[in-house]
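> give the three-dimensional model of this entry:
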Amino acid sequence: MDFAGWDMPLLYAGIVEEHLHTRRIGSVFDVSHMGRIEFRGSDAEALLQKVCTRQLHDAQVGQSRYSHVCDENGGILDDVIVSRYDDYWFMVCNACNHDRIVAWLQQHASGKDIEIKDVTESTLMIAIQGPAVLPKLAPKLPFPLNELKRYRFTSGTFMMTPYSVFRSGYTGEDGVEVILPASIGPLLIGAVAGLAQGEDALKPAGLGARDTLRMEAGMPLYGHELTEETDSLSAGLAWCVDLKKDFIGAARLREVAKNGSKRKLVGLELTGKRIARQGAPICSGSRAVGTVTSGTMSPTLGKSIAMAYVDSALTSTGQKLGVDLGGKTIDAVVVPIPFYKKP
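Numbers count the residues shown, from 1 in each chain. Have a look, this model is predicted:
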């Protein structure tokens, strides 16, 4: 399927099958559509401090931090992961926002000692996720994978091939994300095919399973839970915002912190098997009180789940609400996010 200009696999064997295999063993996801940007120069850190909500100056070499990039009104332009190498910084952004984020960065880098290099098309990126990933990969890698902590990464060269391996992911499972030169893609396909033999093997999975997995894990998706019309605090992601530092959008977010959010992101569990789609209205009695941002039938839990923005007064766990699904109101209850936590 087309996804932000990329031909991406929606599924291989089937979304539910791939989802459950990831939870049980592990899967390999092609995520090369994600934007990858390098920053060099004496002003690189200052630029990232200005455009990112997260405090970055105390990040250690080999550490990654999740952050938001906001406009002047505090609206979210994108959610990103920023990593610190020895002599440069690195950002992964969403494919759908790639062009405008690069333009935004270049705009604010103008006149400063910063080189911004877009390496999206010269590299590839795969995510290998699941409980069996580390035991299977550790013996094959040229460094002690088990010593790599969450949101840490290591980089080097193996058999004349540069690599970066990050202990991170978007599924709620343990695993790694790997960046390699795009030129070795054909070799990598062969290696993945070799790993995919047998029921306990790591197998390929597509965007469909990636979406249901991140939903169960309560992870936001840009264009759904995160948009220019939403803010980091209302999305329940205050931990990635440092209001003590100055960044683009900080003044507006300080106002939200002071006055409180009108609506907040919550988890919902729906009665029955119908799926709540993005945009479905949420009601309390006859009153409209919110909107669904994402919904799915959870393969792991066997329940219809959704994320939604709801009036702040109605966000307590156990709150009963209704979801309008094409003229029929389905009972729902507010539940904690994430819906699923790995054992």
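> tell me which stretches of the stretch 1-150 of the chain form strands.
2-3, 6-7, 27-30, 35-40, 64-70, 76-84, 89-93, 115-118, 123-129 (DSSP state E, counting those that start in this stretch).
> so which of those is the most surrounded?
The highest average neighbour count among the strands of the stretch 1-150 of the chain, using mean count of other C-beta atoms under 10 Å, belongs to strand 27-30 at a mean of 26. C-betas here are computed from N, CA, C, even on glycine.
> re earlier: now distance to residue 108 and mean pLDDT too, for the strands of the stretch 1-150 of the chain, in JSON lines please.
Below are the strands of the stretch 1-150 of the chain laid out as JSON lines (distance: least, C-beta to C-beta, whole Å; pLDDT from 0 to 100):
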{"stretch": "strand 2-3", "distance to residue 108": "27", "mean pLDDT": "93"}
{"stretch": "strand 6-7", "distance to residue 108": "26", "mean pLDDT": "94"}
{"stretch": "strand 27-30", "distance to residue 108": "31", "mean pLDDT": "94"}
{"stretch": "strand 35-40", "distance to residue 108": "12", "mean pLDDT": "98"}
{"stretch": "strand 64-70", "distance to residue 108": "10", "mean pLDDT": "98"}
{"stretch": "strand 76-84", "distance to residue 108": "12", "mean pLDDT": "98"}
{"stretch": "strand 89-93", "distance to residue 108": "13", "mean pLDDT": "98"}
{"stretch": "strand 115-118", "distance to residue 108": "10", "mean pLDDT": "98"}
{"stretch": "strand 123-129", "distance to residue 108": "24", "mean pLDDT": "96"}
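> nearest to residue 171, of these?
Nearest of these to residue 171, taken as C-beta to C-beta: strand 123-129 at 4.4 Å.
> which residues touch that closest one?
Identification of contacts with strand 123-129 by C-beta atoms under 8 Å, 6 or more residues apart in numbering yields 22, 26-32, 34, 36, 92, 137, 169-171, 173-182, 184-185, 188, 192, 202, 210, 213.
> swap in 6 Å and give it another go.
By C-beta atoms under 6 Å, 6 or more residues apart in numbering, the residues outside strand 123-129 that reach it are 22, 28-32, 34, 36, 169, 171, 173, 175-180, 182, 185.
> filter these down to the buried ones.
Burial by neighbour count, 16 or more other C-beta atoms under 10 Å: within the contacts of strand 123-129 this picks out 22, 28-32, 34, 36, 169, 171, 173, 175-180.
> so which of these belong to helices?
residue 22 (DSSP state H).
> residue contacts, the nearest residue to residue 81 once chain neighbours are set aside?
Using C-beta to C-beta, 6 or more residues apart in numbering and skipping the chain neighbours, the partner closest in space to residue 81 is residue 92 (4.7 Å). Counting by C-beta under 6 Å, 6+ apart, residue 92 touches 34, 36, 81.
> CSV for the residues you listed, including distance to residue 164?
Formatted as CSV, those follow (distance: C-beta to C-beta, whole Å):
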residue, distance to residue 164
34, 13
36, 10
81, 12
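> name the nearest of these relative to residue 158.
Nearest to residue 158 among the contacts of residue 92, with distances taken as C-beta to C-beta, is residue 36, at 19.2 Å.
> pull the CA atoms of stretch 64-83 into PDB?
Extracted C-alpha coordinates of stretch 64-83, given in PDB (Å, rounded to 0.1, in the frame of the first residue of the first chain):
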ATOM      1  CA  SER A  64      18.000   8.400  22.700                       C
ATOM      2  CA  ARG A  65      15.100  10.500  23.900                       C
ATOM      3  CA  TYR A  66      11.500  10.700  22.700                       C
ATOM      4  CA  SER A  67      10.300  14.300  22.200                       C
ATOM      5  CA  HIS A  68       7.800  16.500  20.400                       C
ATOM      6  CA  VAL A  69       8.300  19.300  17.900                       C
ATOM      7  CA  CYS A  70       5.700  22.000  18.300                       C
ATOM      8  CA  ASP A  71       4.600  25.100  16.500                       C
ATOM      9  CA  GLU A  72       4.300  28.500  18.200                       C
ATOM     10  CA  ASN A  73       0.800  27.700  19.500                       C
ATOM     11  CA  GLY A  74       2.000  24.500  21.200                       C
ATOM     12  CA  GLY A  75       0.400  22.300  18.500                       C
ATOM     13  CA  ILE A  76       2.400  19.100  17.800                       C
ATOM     14  CA  LEU A  77       4.100  19.100  14.400                       C
ATOM     15  CA  ASP A  78       5.600  15.700  15.000                       C
ATOM     16  CA  ASP A  79       6.800  13.300  17.600                       C
ATOM     17  CA  VAL A  80      10.500  12.300  17.200                       C
ATOM     18  CA  ILE A  81      13.300  10.400  18.800                       C
ATOM     19  CA  VAL A  82      16.600  12.300  19.100                       C
ATOM     20  CA  SER A  83      19.900  10.400  19.700                       C
END
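> offset the numbering so it begins at 40, please.
Let's use 40 as the start, then, which means that last one is stretch 103-122.
> got the contact list for that stretch?
With C-beta under 6 Å, 6+ apart, stretch 103-122 has contacts from 87, 90-93, 98, 129-133, 136, 140, 190, 192, 261, 265, 267, 269-271, 279, 287-288, 291-292.
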